[in-house]
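Participant: Predicted model and sequence follow; I will ask about them next.
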Amino acid sequence: MSEPLGYLSTRGQSPVVTIGGAIAAGLAPDGGLYVPGALPRLDAISFDPDGSLADTAATLLAPFFKGDPLAAELPAVCREALDFETPLRPLPQRDAFVLELFHGPTAAFKDVGARFLAACLRRLPRQDARPLTILVATSGDTGAAVGAAFHRQPNIEVVILYPDGRVSPRQAHQLGSFGGNVRTLRVQGRFDDCQRMVKAALNDAPLQAARPLSSANSISLGRLLPQMSYYAHAALQWWRGHGTPLNFIVPTGNLGNALAALWVRQIGLPVGEVRLACNANATLPEFFQGSDYRPRDAIATLANAMDVGAPSNFERLRWTFGNDDAELRRTLRAASVDDTTIRRTIAHHATAYGEVFCPHTATAVHVLDVLRDAGDAAPWAVVATAHPAKFEGVVEPLIGRAMPVPSTLAAMLDRPAAAEPLAAQNEALKGWLRDTPLESHNGAASAHGHLDVQTPAGRA
């Protein structure tokens, strides 16, 4: 077996580990994010032109898993995780497309990474016989994808944290609809609070010794790496037909999805320009306009899954460009799109073209509109991150009709849902983890009287 590719921390204070070790740990011991020692290089001709998304993923990720025991399992992991389509569909504007990433079980792009991570963890050997607790902070879609991916998986427990009142009603219902080995905590704060609490728990050595913990946020390489696959698949599809790179406009909050597109370009595949579409949380747009990087508290917007004021993957983004902020600013641009513009974009495209987008995707569609109005005729793909039916309270009044609900989402909405309140404090989560043995709660969550049980959300 060849030597495994080494993975190190963005902060440089942790030992080098294998890909399996990085996936199992989630966060590096020094609080940094795992990255490969160097990004591998691949050529477009290495990929099967008739291959499926899973085939593309297996070829793309093979260098990242080289020499690790998981390498032999990689094709099976990809087939298991990526068993749904991510179609590149034409839009009415010339050479404009939408890359639909919401055809998985929870109707959001997070299904790709969550299912891949779950498939990897099922195959990783563990010396500790105790259940592994997966912590996940979510601003809307990640938690449901992780809950669905790990639901009823033996020896795995999931704890979802979401900001109470800052996700859509259907998202909240999804998050609490699992029961069994999945518990849901509604935090009295922002997403950034949830993310901070998860990181603090993962970095608490005594807590880790008492209860093995890992992460399923985009800080996990097991989430980030598979997200590269749909960019590679779409870009290769376009390149084979046109011989030119495909550009992407990516709605982003925590930067994992955008970073995946950039890594595909960095390893040599035909991804062109990458534009970042943000909501009114302007941390990234201000940085790319020349200001110092200044994390701040997130504000609530219609594109709630992007309500992030301190994007975790910014560390990985800086690492990718050698911590050269000037080069990073020359390479990337980011736009901030406010709620009024999101509403206007959704209504206009529904009326003018019959296209319906979720609020997050609408930020990217607006960036496309601005480019076209300025005379840009390059081929652009807007990345559609979630199904609009997850945001019926925003979308349906703007388009004047009900949105059909995907069957998998409908099944979740028909189940009872429950969530437990938690203060937005690091010690609150640590105390909850110390005092709550999840293995004693393997029945339906709605059976516990201290939880807030909701009736089915309905699909009217």
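Facilitator: Arrived safely. Residues are numbered from 1 along each chain as shown.
Participant: The stretch 351-460 of the chain: helices as residue ranges?
Facilitator: Defined through DSSP state H, counting those that start in this stretch, the helices belonging to the stretch 351-460 of the chain, from first to last, are 359-373, 392-399, 407-413, 426-435.
Participant: How about residue 27, nearest residue that isn't a chain neighbour?
Facilitator: Nearest non-adjacent residue to residue 27, counting by CB to CB, 6 or more residues apart in numbering: residue 202, 4.6 Å away. Heads up, the C-betas are built off the backbone N, CA and C, glycines and all.
Participant: Compute the distance between the one you found and residue 404, please.
Facilitator: When distances are taken as CB to CB, to the nearest Å, residue 202 and residue 404 turn out to be 39 Å apart.
Participant: shouldn't the residue nearest to residue 27 be in contact with residue 24?
Facilitator: No. When contacts are counted by CB atoms under 8 Å, residue 202 is not listed as touching residue 24 (12.0 Å).
Participant: Could you tell me which residues touch both of the two?
Facilitator: With contacts defined as CB atoms under 8 Å, 6 or more residues apart in numbering, the residues shared by residue 202 and residue 24 are residue 214.
Participant: May I see the buried residues of the helix or strand harbouring residue 315?
Facilitator: In the assignment (DSSP states H and E), residue 315 maps to helix 314-320. When burial is assessed from 16 or more other CB atoms under 10 Å, helix 314-320 yields the following buried residues: 314-317, 319-320.
Participant: Just the mean pLDDT for the helix or strand just after it, thanks.
Facilitator: The C-terminal neighbour of helix 314-320 among helices and strands, as given by DSSP H and E, is helix 325-331. Across helix 325-331, the average pLDDT comes to 95.
Participant: Can you spell out which helices and strands pack onto helix 325-331?
Facilitator: helix 283-288, helix 314-320 (3 or more CB pairs under 8 Å, 6 or more residues apart in numbering; DSSP states H and E).
Participant: rewinding a little: which other residues reach the helix holding residue 315?
Facilitator: By CB under 8 Å, 6+ apart, the residues outside helix 314-320 that reach it are 10-11, 32-33, 35, 39, 224, 255, 259, 262-263, 266, 284, 293, 325, 328.
Participant: More neighbours: residue 202 and residue 404, which one.
Facilitator: The neighbour comparison of residue 202 against residue 404 (other CB atoms under 10 Å) goes to residue 202, with 21 against 11.
Participant: How much space separates that one from residue 51?
Facilitator: Taking CB to CB as the measure, residue 202 falls 36 Å from residue 51.
Participant: What of residue 24?
Facilitator: Noted for residue 24: a distance of 29 Å to residue 51, by CB to CB.
Participant: ok, the two, which is more surrounded?
Facilitator: A direct count of neighbours by other CB under 10 Å for residue 24 and residue 51 places residue 24 higher, at 19 against 14.
Participant: How much space separates that one from residue 35?
Facilitator: Where residue 35 is concerned, residue 24 sits at a distance of 16 Å (CB to CB).
Participant: now residue 307
Facilitator: Look at residue 307 and residue 35: by CB to CB, they are 26 Å apart.
Participant: Going by how many neighbours each has, rank the two and give me the top one.
Facilitator: Under the neighbour definition other CB under 10 Å, residue 307 and residue 35 were set side by side, and residue 307 has more, 25 against 20.
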